[in-house]
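Enquirer: The sequence and its predicted three-dimensional model are supplied below.
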Amino acid sequence: MQRLTPTSAPTPETATPAAPSPKKPHPARSPRSAAPERAPEPPPAQGRAPPPGAAAFVPATAVDIERFSHNIARAIEQGGRALAAYLKPREKGGHLDQESSDLVVDAVKTLGQVLEYWLADPQRATQLQTSLGKAYLELWASAVKRLAGEPSEPVARPDARDKRFSDPEWSSNQFFDFLKQGYLLTTDWANRLVAGAEGLDPHVRQKAEFYVRQIANAVAPSNFVLTNPELLRTTLASNAENLVDGMRMLADDIVAGGGSLRIRQSDSSMFEVGRNLGVTPGKVIYQNDLMQLIQYTPTTPDVLKRPLLIVPPWINKFYILDLTPEKSFIKWCVAQGLTVFVISWVNPDERQQHKDLSDYMREGPLEALDAIKKATGESDVTAIGYCVGGTLLALTLAYLAAKDNKRIASATFFAAQVDFTHAGDLKVFVDEEQISALERHMRERGYLEGKSMATAFNLLRSNDLIWPYVINNYLKGKAPFPFDLLYWNSDATRMPAANHSQYLRSCYLDNRLAKGEMDIDGVRLSLKQVKIPIYNLATREDHIAPAKSVYVGSSLFGGPMRYVLAGSGHIAGVVNPPDKNKYQYWTGARPRGADVDKWLAKATEHPGSWWPNWLAWIKAQDGARVPAREPGGGVLAPIEDAPGSYVRTRD
């Protein structure tokens with residue numbers, strides 16, 4: 001979960017908005033005549049038409065050399081401030097870079113295995129050089145033809161969805177077009193190196209593909225002032241004011257990150273939990289060392305008899321389901337006549353370092369069920385688990401089933417995995433060597449810092465959640481737009497060492513829950529024993545809990561199963577209010593096997609939000625209604641107003 005994912009992050013798949021672009025300055029106009037935007041070109045030789053895109057890059061406005069030079073000096077000064085902020089904590093002998101260093105070492109080792117295959121055989125090594133050289137020669141020949149004024153088709157074209165090269169000058173200007181095509185040819189060659197390396201372990205190949213993608217995204221010409229036409233125009237038009245503002249923001253973000261870069265994805269000053277996020281009225285009616293339990297104030301005269309318990313991920317904060325009122329799933333549920341309870345996990349520190357999955361189960365869902373019974377008098381509850389909160393709910397269901405306890409009568413999963421065979425690119429970070437290194441770091445503090453997981457999730461979609469903001473913030477010098485979802489995406493939480501280690505090993509590394517080999521408090525867990533009705537929601541573009549992974553996990557349960565596939569990704573596919581009329585969802589037969597595409601081909605597509613479909617399913621389980629219940633039910637005294645204090649603690 002993001003994380004952001006939520007973007008991507010969000011999600012986030014997090015419906016991340018494109019980084020804002022500055023308005024193009026109006027070209028300077030002479031008082032005597034309307035001067036052209038570009039310098040006039042000399043007459044073409046021998047009467048031929050001028051070669052397209054061959055004109056030199058000329059700014060639309062005159063550059064003030066004195067101001068430009070002064071601003072470059074100011075930008076360098078701010079860059080020095082950024083460097084000082086980066087070096088300050090390292091001078092004290094901290095361990096800020098250890099996790100990043102481990103990632104770099106793993107990347108070098110992984111890519112070394114790919115190169116070892118190609119260089120071990122002289123013929124393959126020659127093939128390696130020849131394939132790239134041939135591509136460059138084709139590009140050069142195409143460029144020469146274009147320079148001579150002859151028509152020439154591009155040797156390489158970007159994907160139509162690639163926003164990095166959307167500026168017209170990436171095609172109209174021959175210099176930038178040459179850079180673009182050279183970059184595309186090189187990245188395609190690098191990807192083919194990984195794909196063509198025979199005998200690689202599947203995990204090593206997946207890691208190699210991931211690392212090649214990260215390197216390719218980082219070195220894109222769009223990420224540098226002198227090789228990005230839009231950035232170059234902005235810099236010349238503003239006399240490098242953009243670089244001054246950008247370096248100032250860079251220094252501020254490194255200071256805010258305590259020596260590590262904390263990229264701002266949204267204008268955080270515009271949001272505050274409890275002021276304009278997480279504002280659905282309610283009360284905290286119970287709390288312990290790991291969570292606060294919120295019960296929301298009813299807005300209907302009567303409600304469904306069966307209460308609803310939401311178990312959010314502990315990797316992020318619960319208010320993703322209670323963003324602004326028009327996006328709030330929680331507010332919508334209350335308005336539909338549901339008595340809603342939500343777990344708000346603590347942002348842990350060294351005091352919770354020994355809390356593991358069994359502690360999270362006992363002090364989370366199980367104690368919440370006890371409190372709900374006291375507040376409502378109801379033994380039967382329907383539950384929702386989101387992302388890793390869904391994994392926790394699944395093992396709780398298996399635990400209760402083993403004890404023949406029917407306290408949870410039906411369950412819903414939002415983008416949650418119970419089988420991690422097809423868990424996507426997050427598995428890049430999970431092998432024995434990397435987990436052991438992570439455990440050593442966590443032992444030093446007692447927890448995993450939130451920024452570590454945030455970085456991992458952002459890397460999954462670096463072209464959406466990292467590089468657009470590097471360009472917009474630090475090179476264009478523009479503050480990001482306020483965006484509630486990305487504010488949440490950056491509101492990271494820590495994770496207790498014991499819990500995170502057990503989760504990675506039991507689920508991602510060994511897949512013990514899916515295999516029926518997981519023990520919690522001495523109880524062997526089997527999902528086949530879970531016979532209650534389940535609504536299992538996956539999202540089609542999910543990079544955290546892939547639709548195929550959720551689909552495969554569906555067949556592990558022993559009761560009625562409804563698999564629903566929503567459009568968009570891990571966050572936007574879930575947080576999709578009906579009145580927005582966005583995206584779509586698919587319903588179909590009970591999942592069997594691992595071919596989600598085959599299921600989708602026969603599924604029925606429905607426009608808009610899946611929320612009403614889910615509500616109809618909830619009512620079909622038990623449609624009985626009772627008078628509305630006030631928080632605490634007169635038995636549990638409210639502790640404080642929602643959203644509570646646990647959610648306000650930042651990393």
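Expert: Sure thing, it's come through. Numbers count the residues shown, from 1 in each chain.

Enquirer: what are the C-alpha coordinates of stretch 634-641, in CSV please?
Expert: Presented in CSV, the C-alpha positions along stretch 634-641 are these (Å, rounded to 0.1, in the frame of the first residue of the first chain):
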residue,chain,number,x,y,z
GLY,A,634,-23.6,4.8,26.1
VAL,A,635,-21.3,2.0,27.2
LEU,A,636,-17.9,3.2,26.0
ALA,A,637,-17.1,6.8,26.8
PRO,A,638,-15.7,8.7,23.8
ILE,A,639,-12.0,9.5,24.3
GLU,A,640,-11.7,12.3,21.7
ASP,A,641,-13.2,13.5,18.4
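
Enquirer: Tell me which residues are up against that stretch.
Expert: 281-287, 292, 371, 374-375, 631-632 (C-beta atoms under 8 Å, 6 or more residues apart in numbering). Quick note: C-beta positions are derived from backbone N, CA and C, even for glycine.

Enquirer: Strands of the stretch 101-250 of the chain, residue ranges please.
Expert: Secondary structure of the stretch 101-250 of the chain (DSSP state E, counting those that start in this stretch): no strands present.

Enquirer: which intervals of it have sub-threshold pLDDT?
Expert: Judged against pLDDT under 70, the stretch 101-250 of the chain has no low-scoring part.

Enquirer: Do a quick rundown of the helices in it.
Expert: 122-147, 169-172, 174-196, 202-218, 229-237, 241-256 (DSSP state H, counting those that start in this stretch).

Enquirer: Make JSON lines from those helices and add distance to Thr339 to it.
Expert: Shown next, in JSON lines, are the helices of the stretch 101-250 of the chain (distance: least, C-beta to C-beta, whole Å):
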{"stretch": "helix 122-147", "distance to Thr339": "63"}
{"stretch": "helix 169-172", "distance to Thr339": "55"}
{"stretch": "helix 174-196", "distance to Thr339": "52"}
{"stretch": "helix 202-218", "distance to Thr339": "44"}
{"stretch": "helix 229-237", "distance to Thr339": "52"}
{"stretch": "helix 241-256", "distance to Thr339": "40"}
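
Enquirer: now those as a markdown table including mean neighbour count and distance to Arg440?
Expert: As requested, the helices of the stretch 101-250 of the chain are exported to a markdown table (neighbours: other C-beta atoms under 10 Å; distance: least, C-beta to C-beta, whole Å):
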| stretch | mean neighbour count | distance to Arg440 |
| --- | --- | --- |
| helix 122-147 | 14 | 37 |
| helix 169-172 | 18 | 45 |
| helix 174-196 | 19 | 29 |
| helix 202-218 | 18 | 20 |
| helix 229-237 | 21 | 41 |
| helix 241-256 | 21 | 25 |
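
Enquirer: Among these, which comes closest to Asp162?
Expert: Comparing the helices of the stretch 101-250 of the chain by their distance to Asp162 (C-beta to C-beta), the top pick is helix 174-196, with 9.2 Å.

Enquirer: what's next to that closest one, contact-wise?
Expert: For helix 174-196, with C-beta under 8 Å, 6+ apart as the criterion, the contacting residues are 51-54, 57, 114-115, 118, 128, 131-132, 135-136, 139, 142-143, 146-147, 154-158, 165, 169-171, 205, 208-209, 212, 215-216, 219-221, 227, 229.

Enquirer: how big is the angle separating that helix from helix 122-147?
Expert: 160 degrees (axes from the mean of the first three to the mean of the last three C-alpha atoms, to 10 degrees).

Enquirer: just the angle between helix 174-196 and helix 202-218, please?
Expert: Using the same axes, to 10 degrees: helix 174-196 against helix 202-218 is 170 degrees.

Enquirer: gap between the residue lying closest to Asp167 once chain neighbours are set aside and Tyr474?
Expert: Leaving aside its chain neighbours, Asp167 sits nearest to Glu230 (4.7 Å; criterion: C-beta to C-beta, 6 or more residues apart in numbering). Using C-beta to C-beta, to the nearest Å, Glu230 is found at 14 Å from Tyr474.

Enquirer: Thr455 too?
Expert: 17 Å.

Enquirer: what does Phe318 give?
Expert: Phe318 is 32 Å from Tyr474, by C-beta to C-beta.

Enquirer: Which of these two has more residues huddled nearby?
Expert: Phe318 (27 against 23; other C-beta atoms under 10 Å).

Enquirer: Surely the more buried one and Ser328 touch.
Expert: No. Assessed by C-beta atoms under 8 Å, Phe318 is found out of contact with Ser328, at 11.3 Å.

Enquirer: Let me know the secondary structure of Leu537.
Expert: For Leu537, the assignment made with DSSP: H, G, I helix; E, B strand; the rest coil gives strand.

Enquirer: That one - how many residues pack around it?
Expert: Using other C-beta under 10 Å: Leu537 sits among 25 other residues.

Enquirer: ok, it - contacts?
Expert: Leu537 neighbours (C-beta under 8 Å, 6+ apart): Thr412, Phe413, Phe414, Ala415, Val550, Val564, Leu565, Ala566, Val574, Trp610, Trp614.

Enquirer: Relative to Ser379, which of the residues you listed is nearest.
Expert: Using C-beta to C-beta, the contacts of Leu537 come closest to Ser379 at Thr412, 18.9 Å.

Enquirer: Relative to Val647, how far out is the closest one?
Expert: 22 Å.

Enquirer: Now do the helices in the stretch 551-651 of the chain.
Expert: So, for the stretch 551-651 of the chain - with DSSP H, counting those that start in this stretch - the helices run 596-602, 611-621.

Enquirer: Packed most tightly, which of those would that be?
Expert: Of all the helices of the stretch 551-651 of the chain, helix 611-621 carries the top mean neighbour count, a mean of 16, counting by mean count of other C-beta atoms under 10 Å.

Enquirer: And the average pLDDT for it is what?
Expert: For helix 611-621, the mean pLDDT works out to 97.

Enquirer: contacts for it?
Expert: 304, 306, 308, 329, 332, 336, 338, 382, 409-410, 412, 533, 535, 537, 562, 564, 576-578, 585, 587, 606.

Enquirer: Filter those down to the buried ones.
Expert: Burial by neighbour count, judged by 16 or more other C-beta atoms under 10 Å, picks out 304, 306, 308, 329, 332, 336, 338, 382, 409-410, 412, 533, 535, 537, 562, 564, 576-577, 585, 606 from the contacts of helix 611-621.

Enquirer: Mind checking which of the contacts of helix 611-621 land in strands?
Expert: In this view, the contacts of helix 611-621 that belong to strands under DSSP state E are 304, 308, 382, 409-410, 412, 535, 537, 562, 564, 585, 587, 606.

Enquirer: Any stretches of the stretch 551-651 of the chain with poor pLDDT?
Expert: In the stretch 551-651 of the chain there are no weaker segments when pLDDT under 70 is taken as the threshold.

Enquirer: make it 80
Expert: 651 (pLDDT under 80).

Enquirer: of the helices of the stretch 551-651 of the chain, which approaches Gly424 most closely?
Expert: helix 596-602 (13.1 Å).

Enquirer: all strands of the stretch 501-650 of the chain, in order?
Expert: With DSSP E, counting those that start in this stretch as the criterion, the stretch 501-650 of the chain has strands spanning 519-520, 523-524, 534-539, 561-566, 584-587, 604-607, 625-627, 640-641.
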